[in-house]
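Trainee: this is the structure alone, sequence omitted:
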């Protein structure tokens with residue numbers, strides 16, 4: 001092996017080790033870039049619409065977002081908090097009723113198989129093996145409560161979360177103020193013969209991320225609105241909290257919509273089992289509307305993300321980066337797909353002799 005190749009391999013190994021040790025910071029920086037892209041897009045639209053300097057447009061953007069955040073905290077958060085607390089309180093009761101229904105179904109099923117004249121000893125043995133060997137309703141309710149307490153305990157550790165959030169906000173604001181300067185600093189780290197091409201690829205990545213963010217925002221808003229209308233028609237309690245949860249979890253494909261159905265189905269089961277089934281059917285219809293009507297119509301300019309790549313990226317990024325990796329799996333996949341298409345496929349595998357990198 002040549003000395004140059006050995007040195008290159010050494011640097012690659014060092015870079016991988018360094019990346020792995022700083023993976024939490026890396027994912028936070030990526031989150032900052034996504035937020036900065038959103039701020040830059042809003043600033044650009046305001047600058048173009050009002051024909052004003054960029055700094056003034058940025059000031060208007062940040063001021064407007066702060067005012068919207070204050071309104072959200074004063075009006076939306078208290079109602080959501082109250083309903084969410086009631087939702088958490090009602091979950092053990094819903095779990096208890098579901099478990100009791102399952103136990104009664106098992107008893108009826110054993111009666112159908114063995115008949116009504118079943119030997120008491122045999123019936124006792126079946127119940128002990130099938131039912132009493134399982135946790136009872138009180139145990140299940142306590143288990144749900146303990147799990148929720150652990151989740152609340154994790155969420156109560158706000159110190160680290162606030163520091164990370166401040167770091168993300170600070171970096172995103174610094175990038176938003178001078179986006180071109182930070183991009184050019186990154187370009188300087190790339191070999192000179194490839195800088196022009198790298199600049200165009202970064203612009204493509206930024207455009208793809210911007211389109212993805214606006215698409216997801218509109219899509220999640222539609223999901224929350226449809227969920228609120230459907231839950232209100234069905235007469236389900238805590239409509240506002242469940243609708244907000246459905247909209248927020250819609251950002252996480254596959255996993256998010258599935259989790260969002262647990263809360264309204266549990267609350268609906270307290271009223272009637274058929275309502276729980278109706279809620280499940282309604283959420284399936286909403287997700288089909290979102291997948292086949294809303295998303296295709298509002299994301300025509302978005303990078304067409306392959307479903308297999310999206311699902312694989314969720315699994316891989318969740319393992320590497322944890323929960324925040326699962327949340328940011330799609331934007332990471334959007335960037336990754338652009339890089340693979342432009343660099344690996346077009347520049348390496350299908351390189352044209354007429355194409356010049358410089």
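Mentor: Arrived safely. Keep in mind the model is a prediction, meaning the values are calculated, not measured.
Trainee: centroid residue for the chain?
Mentor: Taking Cα atoms, centre = their mean, the centroid of the chain lies closest to residue 252, which sits 2.9 Å from it.
Trainee: what about that one, which SS state?
Mentor: coil (DSSP: H, G, I helix; E, B strand; the rest coil).
Trainee: pretty sure it is in contact with residue 325, am I right?
Mentor: No - the pair residue 252 and residue 325 does not pass the contact test of Cβ atoms under 8 Å, sitting 10.9 Å apart. (Glycine included, C-beta is placed from N, CA and C.)
Trainee: can you list the weak-confidence ranges in the stretch 101-250 of the chain?
Mentor: Regions of the stretch 101-250 of the chain meeting the criterion pLDDT under 70 cover residues 101-103, 105-161.
Trainee: helices along that one, start to end?
Mentor: Residue ranges of the helices in the stretch 101-250 of the chain, as given by DSSP state H, counting those that start in this stretch, are 120-126, 137-155, 158-177, 179-188, 195-234, 239-249.
Trainee: the fifth one - contacts with which helices or strands?
Mentor: If I follow you right, that is helix 195-234. Helices and strands in packing contact with helix 195-234 are listed as helix 23-50, helix 179-188, helix 239-249, helix 262-271, helix 273-289, helix 295-298, helix 329-339; criterion 3 or more Cβ pairs under 8 Å, 6 or more residues apart in numbering; DSSP states H and E.
Trainee: and with 10 Å instead?
Mentor: Taking 3 or more Cβ pairs under 10 Å, 6 or more residues apart in numbering; DSSP states H and E as contact, the helices and strands that helix 195-234 lies on are helix 23-50, helix 179-188, helix 239-249, helix 255-260, helix 262-271, helix 273-289, helix 295-298, helix 329-339.
Trainee: tell me which of the helices of the stretch 101-250 of the chain is the most buried.
Mentor: The densest packing among the helices of the stretch 101-250 of the chain, expressed as mean neighbour count by mean count of other Cβ atoms under 10 Å, is seen in helix 239-249 with a mean of 22.
Trainee: contact partners for the closest residue to residue 199 other than its chain neighbours?
Mentor: Once flanking residues are discounted, residue 199 sits nearest to residue 187: 5.8 Å by Cβ to Cβ, 6 or more residues apart in numbering. Taking Cβ atoms under 10 Å, 6 or more residues apart in numbering, we find residue 187 in contact with 194, 195, 196, 198, 199, 202.
Trainee: try 7 Å
Mentor: Contacts for residue 187 were tallied using Cβ atoms under 7 Å, 6 or more residues apart in numbering; they are 195, 198, 199.
Trainee: looks like the second one contacts residue 188 (just checking).
Mentor: Read that as residue 198. No - the pair formed by residue 198 and residue 188 falls short of the contact definition of Cβ atoms under 7 Å, at 10.3 Å.
Trainee: so what's the residue count around residue 327?
Mentor: Counted with other Cβ atoms under 10 Å, the burial measure for residue 327 works out to 22 neighbours.
Trainee: give me the number of residues near residue 67?
Mentor: Burial of residue 67, expressed as a neighbour count using other Cβ under 10 Å, amounts to 10.
Trainee: where does it fall, secondary structure wise?
Mentor: helix 54-71 (DSSP states H and E).
Trainee: which helices and strands sit right next to that helix?
Mentor: Contact analysis of helix 54-71 by 3 or more Cβ pairs under 7 Å, 6 or more residues apart in numbering; DSSP states H and E lists helix 23-50 as its packing neighbours.
Trainee: residues of the helix it packs on that come out buried?
Mentor: By 16 or more other Cβ atoms under 10 Å, the buried positions in helix 23-50 come out as 27-44, 46-47.
Trainee: measure residue 17 to residue 28 for me?
Mentor: Distance of residue 17 to residue 28, given as Cβ to Cβ, to the nearest Å: 19 Å.
Trainee: next: residue 338.
Mentor: 21 Å.
Trainee: my guess is the residue nearest to the centre of the chain meets residue 327, correct?
Mentor: Yes - look at residue 252 against residue 327 with Cβ under 7 Å: they come within range, at 6.1 Å.
Trainee: follow-up on the earlier one: the helices and strands packed on helix 195-234: lowest mean pLDDT?
Mentor: In terms of average pLDDT, helix 295-298 trails the rest of the helices and strands packed on helix 195-234, at a mean of 64.
Trainee: number of nearby residues for residue 270?
Mentor: Neighbour count for residue 270, taken as other Cβ under 10 Å: 18.
Trainee: and residue 335, by the same measure?
Mentor: 21.
Trainee: mind listing what it touches?
Mentor: 205, 209.
Trainee: quick one, what contacts the nearest residue to residue 206 once chain neighbours are set aside?
Mentor: Nearest non-adjacent residue to residue 206, counting by Cβ to Cβ, 6+ apart: residue 37, 5.8 Å away. Residue 37 makes contact with 206, 209, 210, 213, according to Cβ under 7 Å, 6+ apart.
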